[in-house]
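Visitor: pasting the structure only:
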């Protein structure tokens with residue numbers, strides 16, 4: 001008997017759960033061996049025997065194609081050939097009928113265990129052997145269809161799981177390309193809005209509240225192409241643009257619209273100033289903040305204004321999940337650490353629209369990724385992101401439409 005069990009010269013097959021394949025029917029080989037002397041402390045099993053798992057995923061059957069030894073994690077069914085066709089027995093033990101019976105007799109509060117007495121006491125049908133063979137033939141005929149249906153069902157489940165996110169991305173893509181809602185010819189063009197932004201920046205420069213940008217970006221159309229002028233340098237930027245936009249929209253660099261800066265770098269040894277709450281990227285999530293673990297550090301009087309966010313500011317992660325964004329909609333102010341960008345528009349715009357832009361750009365891999373991507377998100381990189389600028393009224397209509405379409409998806 002022992003000689004039959006020796007499949008190689010280096011020992012006896014030691015059959016373990018790890019030797020099975022997911023969804024497999026047979027055990028064909030083992031990863032480990034035991035010395036012949038160890039057989040007396042184990043149990044011999046032979047090709048053709050059934051092994052049933054007796055804990056965790058209990059009752060799962062496998063047919064042996066090898067001889068070997070097992071430990072107490074298995075139950076053995078053997079000498080069944082006079083009563084059962086091997087394939088029929090496999091299908092029966094794999095059925096929900098068998099599993100439900102085993103579920104009714106397993107023991108254990110946490111880890112469920114199935115023992116040989118409980119398996120022996122289970123009730124199973126016993127058709128004539130010839131009928132078993134016909135049943136097996138019928139099952140094998142329909143198995144390809146079952147496999148095909150399983151594949152289709154799995155694909156359908158995956159599609160259903162991915163559908164909300166894919167639809168959300170599609171909705172946002174249509175929105176920022178100006179195709180989600182119709183344009184209104186009565187809207188003030190984005191070019192006029194852009195002029196108001198530049199006028200406001202000039203006012204702030206004249207008051208000494210803003211430094212003059214010697215290389216201010218001016219983007220315009222000419223000959224069906226887009227050009228950008230930076231100081232005395234002019235170049236075509238068509239290759240940088242990720243999509244087309246309507247005629248009454250403009251492309252802008254984000255720094256044209258938003259004044260932005262990061263907060264204060266953490267310095268535990270600095271005890272100067274006022275001890276204030278501050279948030280990091282670990283508090284900033286998509287469209288929300290988690291403020292249960294807000295920390296504190298000292299801020300000098302000269303640092304507070306720069307590092308303080310107020311209601312309506314758009315905050316964007318520089319580190320961590322680069323580009324993750326949320327709007328600070330609280331009625332109180334908060335300080336920020338240096339890995340968060342604070343964006344505050346020079347004139348009133350629809351901040352929710354730009355939040356959605358960050359979400360789409362992140363999903364598309366254009367922030368912290370490839371494509372037109374920004375590798376990381378330094379202040380300079382943030383400043384130079386190309387964003388579409390719709391008319392101000394259209395910004396609000398777009399957000400209203402997005403919200404009406406996404407609310408049902410978010411509830412799925």
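Guide: That came in fine, so what should we check first? Keep in mind the model is a prediction, meaning the values are calculated, not measured.
Visitor: quick one: average confidence on the top helix by length along the chain?
Guide: If you go by DSSP state H, the chain has its longest helix at helix 129-176. Average pLDDT, helix 129-176: 85.
Visitor: list the contacts of the residue lying closest to residue 188 once chain neighbours are set aside.
Guide: Nearest non-adjacent residue to residue 188, counting by Cβ to Cβ, 6 or more residues apart in numbering: residue 391, 5.5 Å away. Yep, even glycine has a C-beta here, placed from its N, CA and C like the rest. With contact set as Cβ atoms under 8 Å, 6 or more residues apart in numbering, residue 391 has these partners: 184, 187-190, 193, 248-249.
Visitor: how about residue 251?
Guide: Residues in contact with residue 251 (Cβ under 8 Å, 6+ apart) are 219, 226, 237, 241, 245, 386-389.
Visitor: ditto for residue 345
Guide: Counting by Cβ under 8 Å, 6+ apart, residue 345 touches 257-259, 351.
Visitor: now swap in residue 131 and tell me
Guide: Contacts of residue 131 by Cβ under 8 Å, 6+ apart: none found.
Visitor: what ranges do the strands span in the stretch 251-400 of the chain?
Guide: Using DSSP state E, counting those that start in this stretch, the strands of the stretch 251-400 of the chain run over 258-262, 274-279, 284-285, 288-289, 295-299, 308-309, 314-317, 325-327, 334-336, 340-345, 386-389.
Visitor: now do the helix or strand that contains residue 191 against strand 258-262, angle only.
Guide: Residue 191 is part of helix 190-206 when elements are defined by DSSP states H and E. Helix 190-206 runs at 50 degrees relative to strand 258-262, counting by axes from the mean of the first three to the mean of the last three Cα atoms, to 10 degrees.
Visitor: tell me the helix or strand right after helix 190-206.
Guide: Following helix 190-206 toward the C-terminus (DSSP H and E): strand 217-222.
Visitor: pLDDT on stretch 97-107, on average?
Guide: 78.
Visitor: likewise for stretch 10-17?
Guide: For stretch 10-17, the mean pLDDT works out to 90.
Visitor: coming back round to it: got the contacts of residue 251 as CSV, with distance to residue 275 and neighbour count columns?
Guide: As requested, the contacts of residue 251 are exported to CSV (distance: Cβ to Cβ, whole Å; neighbours: other Cβ atoms under 10 Å):
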residue, distance to residue 275, neighbour count
219, 44, 19
226, 49, 19
237, 46, 14
241, 47, 15
245, 47, 19
386, 40, 19
387, 37, 18
388, 42, 21
389, 41, 22
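Visitor: and the residue nearest to residue 188, backbone torsions?
Guide: Recorded main-chain torsions at residue 391 are phi -60, psi 150, according to degrees, to the nearest 10.
Visitor: how about residues contacting the helix holding residue 191?
Guide: For helix 190-206, the surrounding residues in contact (Cβ under 8 Å, 6+ apart) are 210-212, 248-250, 252, 256-257, 346-347, 349, 389-392.
Visitor: what's the farthest-apart pair in the residues you listed?
Guide: Longest distance between any two of these is 31.2 Å, between 211 and 248; criterion Cβ to Cβ.
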